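Asks: could you look at this predicted model? Sequence included:
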Number of protein chains: 2
Amino acid sequence: MAMKQVACSAIKAVTNSGSSSLLTRQLHASPGSKKIVGVFYKANEYFTKNPNFVGCVEGALGLRQWLESKGHQYIVTDDKDGADCELDKHIPDLHVLISTPFHPAYVTAERIKKAKNLQLLLTAGIGSDHVDLKAAAEAGLTVAEVTGSNVVSVAEDELMRILILVRNFLPGYHQVITGDWNVAGIAYRAYDLEGKMVGTIGAGRIGKLLLQRLKPFNCNLLYHDRVKIDPELEKQTGAKFEEDLDAMLPKCDIIVVNTPLTEKTRGMFNKDRIAKMKKGVLIVNNARGAIMDTQAVVDACSSGHIAGYSGDVWFPQPAPKDHPWRYMPNQAMTPHISGTTIDAQLRYAAGVKDMLERYFKGEEFPAQNYIVKEGELAPQYR
Amino acid sequence: MAMKQVACSAIKAVTNSGSSSLLTRQLHASPGSKKIVGVFYKANEYFTKNPNFVGCVEGALGLRQWLESKGHQYIVTDDKDGADCELDKHIPDLHVLISTPFHPAYVTAERIKKAKNLQLLLTAGIGSDHVDLKAAAEAGLTVAEVTGSNVVSVAEDELMRILILVRNFLPGYHQVITGDWNVAGIAYRAYDLEGKMVGTIGAGRIGKLLLQRLKPFNCNLLYHDRVKIDPELEKQTGAKFEEDLDAMLPKCDIIVVNTPLTEKTRGMFNKDRIAKMKKGVLIVNNARGAIMDTQAVVDACSSGHIAGYSGDVWFPQPAPKDHPWRYMPNQAMTPHISGTTIDAQLRYAAGVKDMLERYFKGEEFPAQNYIVKEGELAPQYR
């Protein structure tokens, strides 16, 4: 195939130039047909209920007609795990894999090794931790996501979850559907958000939007990150920087996790760290499930040390039927949904199309979209 | 009893002065013991779980020691309805009745007629529509509430409910607890709040706080009220005044009800008015259940014209087991809870104590607290 030849000459050129990126595969597409595979969640009967529902297998990000009219092959599936899954059938000869955090195709080192034609991994959404980024970098691939496409969606969802926990919404809802009425059973642990100490771990794009939305609630706002946010935004939101995470944790009534999953953050909220939090803390985590030690969260919810836990991220996804977070007390969990509202889908579908167009033309992507650029890992993932 | 004599001389004095308030009972207490009855929800096993849980029968607004040390009789109960209920036993000789909107003691004309010693009706919270205000005014009573005590609590709760509906939270939560995982079943009707048209009907204390909290979500904000809000707040929130309610309704993706229940607003959202709303409208109502036509809401939720309905107010309260709002599709209801967070309880308990102190001393209440002042109805209830 034409692409393979171009890729070989690219490697040759790089080798000749003495670059260390020996294994870099050619990022930009050669003319000619590409095999593009998309892995999304399946909509079934829900697909026809909304003409803008593009984020599912059936909607296929609205790219089918466009890709096929250009002579490309476009395969979409939700069958991503287990022996003989549909995804694995296409791994050996696909050029581009589009995946999402909501129904993640786990792009392991093994899959990358088998994907001889693979050049480009696109995440429709934000968060590419379902890809083995080190292996992808070593294979010279490019991994890019639609940075910013659903940050508003996630920040809004976080504020909803904060309120659901602080105000003890779910026990009230349960009373309604079970024919009960017991205001005391809700009120004894329902609070205003006003005046509470809220800390975000991570103040990147989503964390900042959350701080802005929290501002009129008159809370006390803290944030922990590697670097301070813009002084103007600090002034606008009143959020105070906490350099030392472990010093911040005991101060917070509510903790929101807004950090990417990396080797540094995997399992960072273990038993010891949860013990440093205030008794009765509320936790919102729409970042990644694997940032938490699963069992430590269950134990702390059971003991009451954590008084409420809400989020939409799990490991693995889909969460198995017996995932203990489904059954722990005071949880307000959902499947992975916050970044895949209809509005978000339209934005990340447009962002994927834009990157494919650039890929076909041999143009650069928007700089902030790169997670791995031709074998080089973005700084925050190193 | 001393009070009765004073009341009689007050009426005599008024009669002599030729005032039309012939039936005005003496507002301020005479020296001597008063019988004060409080009607609150019962906490049972929840009472001991939180030392600040003062809003229940057992907590009795934290007033018992203080009232009894002053020689007053203080009776609290949750038994407020039906023949031989505890409340009715005390109606003939109580001087002050403290009630709440959360577990409303319905102070009917009949009860007022029987309450020969009654002078003062205090609402621990906001919203005194459980009192027949016309009858109370005709009897020369004073009705007062703790204005402002829980406006923040209610406004926060409204924003939570907006987000719960817009983002389709509950179907996701149901999937989690039933062992399911179907992102599409949530996502096909989950949206961002950003960019949507939100209209509040009523922009009083709560409506204004809601508009301020909505501001950073970048919605389009509308409000309908009898009068325009302060131009500065209009500028700050970007909210636009809509003089004609029926012209505003079809524009809104989300409608929030923030108007008191009066004879003008009772049943205002009937079949015809709901038909004027956009198909797929989301409604949040933490104001009063009786502002809605119960069956019209059920029908519109069933047809899908209303795509989501959330609130904490019902008629009557407690809502009976067969109240149809418990079983209609796309509801996110709770018992009446939004204004009785622990923070709100502490504030309205303090406000009730302040008014009782003033009543004992013969001092005026804060002007904004009066709903009926010695037989005169506040303007918005006329």
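Replies: Happy to help now that I have it.
Asks: mind listing what residue A:168 touches?
Replies: A:186-187, A:189-191, A:308, B:337 (CB atoms under 8 Å, 6 or more residues apart in numbering or on different chains). For glycine as for every other residue, the C-beta is placed from the backbone atoms N, C-alpha and C.
Asks: just give the closest residue to it, not the sequence neighbours.
Replies: Counting by CB to CB, 6 or more residues apart in numbering or on different chains, residue A:168 lies nearest to residue A:190, which is 4.1 Å off, once chain neighbours are set aside.
Asks: and the nearest residue in space to residue A:164 that is not next to it in sequence, how many neighbours?
Replies: Among residues not flanking residue A:164 along the chain, residue A:332 sits closest, at 4.9 Å (CB to CB, 6+ apart). Counted with other CB atoms under 10 Å in any protein chain shown, the neighbours of residue A:332 add up to 22.
Asks: pretty sure residue A:332 is touching residue A:161, no?
Replies: Yes - counting by CB atoms under 8 Å, residue A:332 does reach residue A:161; the two are 6.3 Å apart.
Asks: shared neighbours, the two?
Replies: Shared contacts of residue A:332 and residue A:161 (CB under 8 Å, 6+ apart): residue A:310.
Asks: within range of chain B, give me the residues from the stretch 151-300 of chain A.
Replies: A:152-153, A:156-157, A:159-160, A:163-164, A:167-170, A:172-173, A:175-177, A:179, A:181-195, A:212-213, A:215-218 (CB under 8 Å from any CB of the partner chain).
Asks: quick one: buried ones out of those?
Replies: Using 16 or more other CB atoms under 10 Å in any protein chain shown as the burial test, these include A:152-153, A:156-157, A:159-160, A:163-164, A:167-170, A:172-173, A:175-176, A:181-194, A:212-213, A:215-218 as buried.
Asks: tell me how far the residue nearest to residue A:168 lies from residue B:200.
Replies: Per CB to CB, to the nearest Å, residue A:190 is found 23 Å from residue B:200.
Asks: contacts only, for the spatially most central residue of chain A.
Replies: Centroid-nearest residue in chain A: residue A:127, 3.7 Å away (criterion: CA atoms, centre = their mean). Each residue near residue A:127 by CB under 8 Å, 6+ apart is listed here: A:101, A:145, A:260-261, A:287-288.
Asks: checking residue A:129 next. Helix, strand or coil?
Replies: coil (DSSP: H, G, I helix; E, B strand; the rest coil).
Asks: you'd agree it is up against residue A:288?
Replies: Yes - shown here, residue A:129 and residue A:288 form a contact pair, counting by CB under 8 Å, at 6.1 Å.
Asks: shared neighbours, these two?
Replies: When contacts are counted by CB under 8 Å, 6+ apart, residue A:129 and residue A:288 have A:260-261 as shared neighbours.
Asks: dump the residue contacts of the closest residue to residue A:333 other than its chain neighbours.
Replies: Of all residues not flanking residue A:333 in the chain, residue B:176 sits nearest, at 4.6 Å (CB to CB, 6+ apart). Counting by CB under 8 Å, 6+ apart, residue B:176 makes contact with A:319, A:325-326, A:331, A:333-335.
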